[in-house]
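Novice: okay, here's the prediction I keep looking at, along with the sequence it came from:
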Amino acid sequence: MKRFIPFLPKPALVPVIRLGGTIGAGLRSLNDEGLAPLIDRAFKARPAAVALLINSPGGSAVQSSLIAARIRRLAEEKQVPVHAFVEDVAASGGYWLACAADDIWVDQSSIVGSIGVIFASFGFPELMARQGVERRVVTAGKSKSLADPFLPQKDEDVARLKALQAPIHQAFIDHVTARRGARLDLNADLFNADVWVGGQAVTVGLVDGVAHLVPKLKALYGEKVRLVPYGRKRSLAQRLGLALVNQTLDAVEDRALWARYGL
């Protein structure tokens, strides 16, 4: 009968977008191309708010920026508040995504922060020499063999990589300071890629408090709030196992990122 009584208020609708995993171009990764339809649908649903459920150790700075920018653009166009809830970790790019929200809530044991940029690789010159293998490289442009893992590390390569990292790091800092504003404790060393746990992150202003998704959204939007999950669907190739090789390689990279936080 309620559907025939138009003046009865409807329960608030809050789409819950799950952002779980590493951020990048891989099939398993979070990226703007894959998430765009999902995010667009969530904001088109005329919601009272949108919730982000985040569990990510980071990844691509560009994809983090694109996803966060899409969320902010739609939030401002539709005038819809956004709330982020962190599960195990929102570090590096994961925290970049969290800052797209108007407020951030964590578990007492959530790991948050890592506002920095990393370049990691391996070096094999001694192994190559022991095996009698000679590396031959011909380039047009002196930087074309930058950080070649089969050649000894060069000071000029390290300097060049740091120069590349600096503007990316600054873009991350600018995003955090723009979104968190006066809530940040600027006396704390927030931008050295350190991480904080639960209440520590609250103290330095990286997050707003300790709270879980369901009780917090009920407190904000009423006991009858409708929480609708929005998650990525696996492609046909993934369901049929046709992307097994790529998934295996992606899984190795994913494992390395998660392992940095003991997960």
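Specialist: Received, thanks. Numbering: from 1, shown residues only.

Novice: and the pLDDT for residue 136?
Specialist: Note for residue 136: predicted pLDDT of 64.

Novice: err, residue 250, not the other one
Specialist: 59.

Novice: point out where the stretch 51-200 of the chain drops to low pLDDT.
Specialist: Along the stretch 51-200 of the chain, segments meeting pLDDT under 70 span 118-129, 131-152, 154, 157-158, 161.

Novice: quick one, helices of it?
Specialist: 61-78, 93-98, 125-130, 155-180, 199-203 (DSSP state H, counting those that start in this stretch).

Novice: please identify the most buried of the ones you listed.
Specialist: helix 93-98 (a mean of 28; mean count of other Cβ atoms under 10 Å). Just so you know, the C-beta spots here come from the backbone N, C-alpha and C atoms, and that holds for glycine as well.

Novice: who touches that helix?
Specialist: 19, 23, 30, 52, 54-61, 63-65, 67-68, 71, 84, 86, 90, 104, 112-115, 172, 175-176, 206-207 (Cβ atoms under 8 Å, 6 or more residues apart in numbering).

Novice: now the strands for the stretch 101-250 of the chain?
Specialist: 103-106, 111-113, 195-197, 209-210, 226-230 (DSSP state E, counting those that start in this stretch).

Novice: mind listing what the third one pairs with, with the direction of each?
Specialist: Based on DSSP bridges, the strands next to strand 195-197 in the sheet, each with its direction, are strand 111-113 (antiparallel).

Novice: so which bits of the strand it pairs with are buried?
Specialist: Across strand 111-113, burial judged by 16 or more other Cβ atoms under 10 Å covers 111, 112, 113.

Novice: what's across from the last one in the sheet?
Specialist: With beta bridges defined as DSSP bridges, residue 113 has these partners: residue 91, residue 195.

Novice: you'd agree it is up against residue 191?
Specialist: No. Contact between residue 113 and residue 191 fails when scored by Cβ atoms under 8 Å: they sit 9.4 Å apart.

Novice: need the helices of the stretch 51-200 of the chain in JSON lines with distance to residue 48, can you?
Specialist: Formatted as JSON lines, those follow (distance: least, Cβ to Cβ, whole Å):
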{"stretch": "helix 61-78", "distance to residue 48": "11"}
{"stretch": "helix 93-98", "distance to residue 48": "20"}
{"stretch": "helix 125-130", "distance to residue 48": "59"}
{"stretch": "helix 155-180", "distance to residue 48": "21"}
{"stretch": "helix 199-203", "distance to residue 48": "25"}
